[in-house]
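# What follows is a predicted protein model with its sequence.
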Amino acid sequence: MSSAASPFLRHIERCRNVTLPAGRLPLLHNGITIGLVDPTCLSWMTDPACADLLRVNGDHILLPDGENLRQISTILAQQERYVPFKEWFDVRSSEGQIIGQVDRGLIPVFGVEASGVHLNGLVQKNTGLHLWVARRSPHKRLDPGKLDHLVAGGMSSGLTAKETVIKEAEEEAAIPADLSRQARHASTLHYAMSRPEGLRRDRLYCYDLLLPEDFIPHINDGEVESFHLMPVEDVFQQVRDTDDFKFNVNLVLLDLFLRLGMFDKQDSSILAENLHGQV
């Protein structure tokens with residue numbers, strides 16, 4: 001790998017910094033692992049309030065009924081075991097079947113897979129391809145002030161990836177639905193990462209949207225501080241040389257750079273293998 005491409009590997013390694021199960025206890029439903037629970041939280045599971053909802057069996061935790069996840073989330077929030085987002089996310093089996101819902105704040109504690117969307121807002125100018133970049137609000141709970149995509153967000157319960165793109169596009173950047181519906185699914189990324197809040201096992205649905213030159217995004221929900229339109233080459237350099245972007249945004253941008261052919265053949269093959277390899 002060339003010296004120009006090797007700095008991009010650090011972003012992949014940062015988001016894949018854990019080997020599962022990483023000392024965590026499997027959370028089982030119908031014999032399938034749906035989560036990996038931090039063992040320091042076992043006392044939460046054996047608390048009388050949760051005793052009828054979960055079964056702790058030494059080397060694993062059994063969830064008899066997926067519907068119990070909502071009640072567990074509510075109980076643990078009332079006990080101030082975690083800070084809830086008050087936003088429900090679907091917990092799915094490996095086949096995609098919805099098992100139940102969990103509060104977003106409990107996801108890294110239980111180590112369940114979470115899904116989200118990222119939208120590359122692209123503008124083709126005479127001078128070349130440009131990308132809309134957002135700066136996150138300094139008041140965000142996670143990664144305040146970091147650079148981000150024009151549109152990005154978690155998939156709330158009951159929504160598909162495309163529906164989430166349309167919802168988040170309107171909420172975050174005032175992009176009308178008739179425009180955001182044109183977004184094209186480009187790829188899906190996976191990673192497992194140890195973070196201060198716990199274990200993140202994320203599935204990112206990556207979309208591209210070609211926007212008109214005269215389109216200007218507007219701050220709509222306070223989650224973004226500002227928007228900036230940058231040549232894609234400048235974004236490439238910033239990802240390569242800095243950690244200014246939110247950790248997982250770097251992965252989605254690297255995927256974009258690979259699809260745009262911004263690396264030579266050998267570098268592209270190595271980076272793609274690391275980016276898309278099995279977690």
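Received the coordinates, thanks.
# going forward, measure contacts and count neighbours with C-alpha atoms only.
OK.
# Next, count neighbours for residue 77.
Residue 77: 18 surrounding residues under other C-alpha atoms under 10 Å.
# Assumed it was part of a helix.
Yes - under DSSP: H, G, I helix; E, B strand; the rest coil, residue 77 falls within a helix.
# Helix or strand for residue 203, just tell me which one.
Secondary structure assigned from DSSP states H and E places residue 203 in strand 198-210.
# Strand partners (parallel or antiparallel) of that strand?
Applying DSSP bridges, strand 198-210 is found paired with strand 113-125 (parallel), strand 184-195 (antiparallel).
# Deepest-packed of those strands, please.
strand 113-125 (a mean of 22; mean count of other C-alpha atoms under 10 Å).
# Tell me which of the strands paired with strand 198-210 approaches residue 228 most closely.
strand 113-125 (10.9 Å; C-alpha to C-alpha).
# Give me the residues contacting the closest one.
The contact list for strand 113-125, computed with C-alpha atoms under 8 Å, 6 or more residues apart in numbering, reads 34-35, 89, 91-92, 107, 129-133, 149-155, 161, 164-165, 183, 200-213, 249, 252-253.
# Buried only: go through those residues for me.
Burial by neighbour count, 16 or more other C-alpha atoms under 10 Å: within those this picks out 34-35, 89, 91-92, 107, 130-133, 149-155, 161, 164-165, 183, 200-211, 249, 252-253.
# Format the strands paired with strand 198-210 as CSV; extra columns: mean pLDDT and distance to residue 82.
Below are the strands paired with strand 198-210 laid out as CSV (pLDDT from 0 to 100; distance: least, C-alpha to C-alpha, whole Å):
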stretch, mean pLDDT, distance to residue 82
strand 113-125, 97, 17
strand 184-195, 97, 15
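# just so I know, which of those strands lies nearest residue 19?
Residue 19 lies closest to strand 184-195 among the strands paired with strand 198-210, at 7.8 Å (C-alpha to C-alpha).
# returning to what we had before: relative to residue 6, which of the strands paired with strand 198-210 is closest?
Proximity to residue 6, assessed across the strands paired with strand 198-210 by C-alpha to C-alpha, is greatest for strand 184-195 (19.1 Å).
# Check the offset of that closest one from the chain's centre.
The chain centre lies 7 Å from the centre of strand 184-195; the measure is C-alpha atoms, centre = their mean, to the nearest Å.
# same deal with stretch 225-244?
Averaged C-alpha coordinates place stretch 225-244 at 19 Å from its chain's average position (C-alpha atoms, centre = their mean).
# Likewise for stretch 23-31?
Offset of stretch 23-31 from its chain centre (C-alpha atoms, centre = their mean): 22 Å.
# Tell me the buried residues in that stretch?
Applying a neighbour-count criterion of 16+ other C-alpha under 10 Å, one finds 24, 25, 26, 27, 28, 29 buried in stretch 23-31.
# mind listing the strands for the stretch 51-200 of the chain?
With strands called from DSSP state E, counting those that start in this stretch, the stretch 51-200 of the chain shows them at 55-56, 61-62, 88-92, 98-103, 113-125, 128-136, 147-149, 151-154, 184-195, 198-210.
# Summarise which helices and strands the second one is packed against.
Read that as strand 61-62. With contacts defined as 3 or more C-alpha pairs under 8 Å, 6 or more residues apart in numbering; DSSP states H and E, strand 61-62 has these neighbours: strand 25-29, strand 55-56.
# Redo those as JSON lines? Include distance to residue 262 and mean pLDDT.
Formatted as JSON lines, the helices and strands packed on strand 61-62 follow (distance: least, C-alpha to C-alpha, whole Å; pLDDT from 0 to 100):
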{"stretch": "strand 25-29", "distance to residue 262": "40", "mean pLDDT": "96"}
{"stretch": "strand 55-56", "distance to residue 262": "50", "mean pLDDT": "94"}
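# Go through those and name the closest to residue 176.
Counting by C-alpha to C-alpha, residue 176 lies closest to strand 25-29 out of those; the figure is 40.0 Å.
# Can you give the contact residues for that closest one?
For strand 25-29, contacts defined as C-alpha under 8 Å, 6+ apart pick out 33-39, 59-66, 110.
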